[in-house]
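Asks: here is my input; please provide its structure:
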Amino acid sequence: MIRRSLIAAGLMVALALGVSACSERKTQAGDQPEVLNFSILATENSTSLDAFWRPILADMEAEIGIPVKPFYGSNYTALIEALRFGQTDVGWFSNLSGLEAVRRADAEIFARTFDPSGEDGYRSVLIANAASGVTLEDVLKCDRTLDFGIGDAKSTSGTLAPMTYLFAPENIEPERCFKQVRAANHQANLFAVSNGVLDVATNNSTAIRLQAARDVENRANGQPTVTDKVNVIWESPKLPEDPIVWRKNLDPAVKEKVRQFFLTYGKGEGPEAERQRTLLAAISIGGFLPADSSHLLPVREMEATEALITAQNSRDPARITTAQGALDAIRTEREALDARAGEAPATAPATAAAPAAE
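Replies: Numbering: from 1, shown residues only. All right, here's what the predicted structure looks like:
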């Protein structure tokens, strides 16, 4: 969900995507890396992210006894490919990009974030320029009069959630409904809407809250604010917090050191724990909890729900049957997990009613 110059990030991405057999870092199981490369999802300008993450990574380096270097990607695909080709070892991902990392990069989830507010989860939102008066009804008119900002294709809150919960049920394809569709990270979309460059864009509640906190200081210093110039016109159901992943063949001893670092960081009492919590709070993280692949079940269900809605809108019986079967299987898996945990079943994403045959 959150924040070095895009040029610098682009150079790093080029390194990741330009990997060849001769340049690939050795990642055989049991090999302890000389440097632990930690990838960070770029929901904001990576200059800002670097300022916030550097002290946390310095703490990790001191704890695990291995140099830790950040890797900022300008898009989620770059982060997935970097992990896939052994250019990174551990990373903070969005849920959808984390799912892709598990599928394509032989990654594992071992921890996940939680919010410092105590609320477990966040929401995808749609924001509009406050002065424009644009409403959700205007967005759903699909009349190609609005400029629209969407997230990275692998962004959970920037793309998957609004497609699943808002656009797909209305049979809306953004490319056909808006005058212009531009993909960017949450910070860029927020500033574009605030400045009137875009009429409406996707975002998430965490990015809005972080910017609102900065705006308090900006307002006191007489500087322009951002969140005062936007309205939230739609929000999704609650989404799961972000996963932390590592490559499966990372040395087991290193894995355990990394695991212990995350699961104890910011915990306990005293000045050091308070310092750590302050660092995490600056990126809207309260700390970390243990997690595994089951953390991604809600995201898999969202994917399958969107696929079913798309199939229903196509009126193709075979596609509908296949998509419904895939969704039912994921829901069965989730319900079994909930039962083992002794929890009430989570609310499933609503699906559109199957359209009547013409």
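Asks: state the distance from D59 to P271.
Replies: 14 Å (Cβ to Cβ, to the nearest Å). The C-beta positions use only the backbone N, C-alpha and C, and glycine is treated the same way.
Asks: more neighbours: the two, which one.
Replies: D59 (18 against 7; other Cβ atoms under 10 Å).
Asks: per-residue pLDDT, that one?
Replies: According to the prediction, D59 has pLDDT 98.
Asks: need the contact list for P70.
Replies: Contact analysis of P70 by Cβ atoms under 8 Å, 6 or more residues apart in numbering lists 37-40, 50, 53-54, 57.
Asks: confirm V181 sits in a helix?
Replies: No: secondary structure assignment (DSSP: H, G, I helix; E, B strand; the rest coil) places V181 in strand, not in a helix.
Asks: buried subset of the contacts of P70, written for PyMOL?
Replies: In PyMOL, this line selects whichever of the contacts of P70 come out buried by 16 or more other Cβ atoms under 10 Å:
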select buried, resi 37+38+39+40+50+53+57
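Asks: so which of the contacts of P70 are in strands?
Replies: Among the contacts of P70, the residues falling in strands (DSSP state E) are 37-40.
Asks: do I have it right that A307 meets G325?
Replies: No: counting by Cβ atoms under 8 Å, A307 does not reach G325; the two are 10.8 Å apart.
Asks: who's more crowded, the two?
Replies: Between A307 and G325, A307 has the larger neighbour count (other Cβ under 10 Å), namely 18 against 12.
Asks: what's the closest non-adjacent residue to that one?
Replies: Residue nearest to A307 in three dimensions, not counting chain neighbours: A323, with 4.7 Å by Cβ to Cβ, 6 or more residues apart in numbering.
Asks: so what's the one you found up against?
Replies: With Cβ under 8 Å, 6+ apart, A323 has these contacts: 304, 307-308, 310-312.
Asks: tell me, how many residues neighbour F148?
Replies: Neighbours of F148 (other Cβ under 10 Å): 22.
Asks: ok now the helix or strand hosting it, how far from the chain's centre?
Replies: With elements taken from DSSP states H and E, the one containing F148 is strand 147-150. Chain-centre distance of strand 147-150: 18 Å, with Cα atoms, centre = their mean, to the nearest Å.
Asks: so after the longest strand seen in the chain, what's the next helix or strand?
Replies: Across the chain, the longest stretch assigned as strand under DSSP E is strand 107-114. As assigned by DSSP H and E, the chain's next helix or strand after strand 107-114 is strand 124-129.
Asks: who are the packing partners of that next one?
Replies: helix 136-140, helix 161-162, helix 186-194, strand 200-204, helix 205-220, strand 230-235 (3 or more Cβ pairs under 8 Å, 6 or more residues apart in numbering; DSSP states H and E).
Asks: was I right about S194 contacting A131?
Replies: No: judged on Cβ under 8 Å, S194 makes no contact with A131 at a distance of 9.9 Å.
Asks: compare these two (neighbour count), which wins?
Replies: S194 (22 against 11).
Asks: residues contacting that one?
Replies: Contacts of S194 (Cβ under 8 Å, 6+ apart): 129, 226-227, 229-230.
Asks: pick the one among those closest to P162.
Replies: V230 (15.7 Å; Cβ to Cβ).
Asks: how big is the angle separating the helix or strand where Q260 lies from strand 107-114?
Replies: If you go by DSSP H and E, Q260 is part of helix 252-264. Interaxial angle of helix 252-264 relative to strand 107-114 (axes from the mean of the first three to the mean of the last three Cα atoms, to 10 degrees): 20 degrees.
Asks: for helix 252-264, packing partners?
Replies: Checked by 3+ Cβ pairs under 8 Å, 6+ apart, helix 252-264 has helix 46-64, strand 107-114, strand 243-247, strand 287-290 packed alongside it.
Asks: show me what secondary structure element comes after the longest one.
Replies: Per DSSP H and E, helix 46-64 leads on to strand 68-72 as the next helix or strand towards the C-terminus.
Asks: for that next one, which positions count as buried?
Replies: Buried-residue list, strand 68-72, by 16+ other Cβ under 10 Å: 68, 70-72.
Asks: and what of stretch 186-198?
Replies: 186-194, 198.
Asks: cool, and stretch 276-296?
Replies: Quick answer for stretch 276-296 (16+ other Cβ under 10 Å): 276-277, 279-288, 291, 295-296.
Asks: which one of those sits closest to S205?
Replies: Nearest member of the buried residues of stretch 276-296 to S205, counting by Cβ to Cβ, is S284, at 9.4 Å.
Asks: is it true that the closest one touches P116?
Replies: Yes: taking Cβ under 8 Å as the definition, S284 is a contact partner of P116 at 6.5 Å.
Asks: contacting residues around A184?
Replies: Taking Cβ under 8 Å, 6+ apart, one finds 149, 151, 192, 201 in contact with A184.
Asks: burial check on the nearest residue to L126 once chain neighbours are set aside, number of neighbours?
Replies: Leaving aside its chain neighbours, L126 sits nearest to W234 (4.0 Å; criterion: Cβ to Cβ, 6+ apart). For W234, the neighbour count with other Cβ under 10 Å is 19.
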